[in-house]
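Visitor: quick one: sequence and predicted model below, then my questions.
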Amino acid sequence: MKLIHAVIQPHKLTDVKQSLAKAGVTKMTVTSALGCGQQKGFSEGYRGVIHEVNLLKKTVIEIGVNEDFVEPTVKAIVDGARTGNIGDGKIFILDLKDAIRIRTGERGNEAIG
Ligand SMILES: Nc1ncnc2c1ncn2[C@@H]1O[C@H](COP(=O)(O)OP(=O)(O)OP(=O)(O)O)[C@@H](O)[C@H]1O
Ligand SMILES: [Mg+2]
């Protein structure tokens, strides 16, 4: 099992949700975040001296998936979020040790799927 942690542009959330739905992925947690990548939150045209990073509004999508859903989920996020511009986002894939569906007590693959 993996936890897919994707940071995307907030205005691409609708596209990513639609793309995930087409791939059969309907469970997710979405949060608002602040972040910056290799441009430190400034556009490439910025000419001043950067003393501290500039945190921009981002949207985080977290999805717990079984192994066979890792690549389809990643592809769906990329398809929905990609514009080709800087700041399109990043996806982190973490090993997920366990999951528990609280209502039933199911664990692992059954709790996720
Ligand atoms: N190494 C990192 N660790 C934690 N968060 C990161 C990391 N890289 C990117 N992020 C998060 O992802 C967001 C989007 O990153 P972004 O797409 O700007 O990546 P980038 O590496 O700067 O690539 P690009 O040059 O395409 O902009 C950042 O605002 C930040 O919230
Ligand atoms: Mg960037």
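Guide: All right, it came through fine. Ligands and ions are numbered 1, 2, ... in the order given.
Visitor: so where do the helices sit in the chain?
Guide: 13-22, 70-81, 109-112 (DSSP state H).
Visitor: can you point out the buried residues in the last one?
Guide: Of the residues in helix 109-112, those buried by neighbour count under the rule 16 or more other Cβ atoms under 10 Å are 111-112. In this view, the C-beta of every residue, glycine as well, is placed from N, C-alpha and C.
Visitor: and if you look at stretch 67-74?
Guide: Of the residues in stretch 67-74, those scored as buried under the neighbour-count criterion (16+ other Cβ under 10 Å) are 69, 73-74.
Visitor: my read: Thr31 touches Val60, true?
Guide: Yes - between Thr31 and Val60 there is a contact at 4.8 Å, judged by Cβ atoms under 8 Å.
Visitor: ok, those two, which is more surrounded?
Guide: Each of Thr31 and Val60 had its neighbours counted (other Cβ atoms under 10 Å), and the higher figure belongs to Val60 (16 against 9).
Visitor: near ligand 1, which residues of the protein?
Guide: Residues of the chain found near ligand 1, taking Cβ under 6 Å from any ligand atom as the criterion, are 7, 35-39, 56, 58, 86-90.
Visitor: what about the chain, any weak spots by pLDDT?
Guide: Applying pLDDT under 70 to the predicted model, the residue ranges of the chain that meet it are 44.
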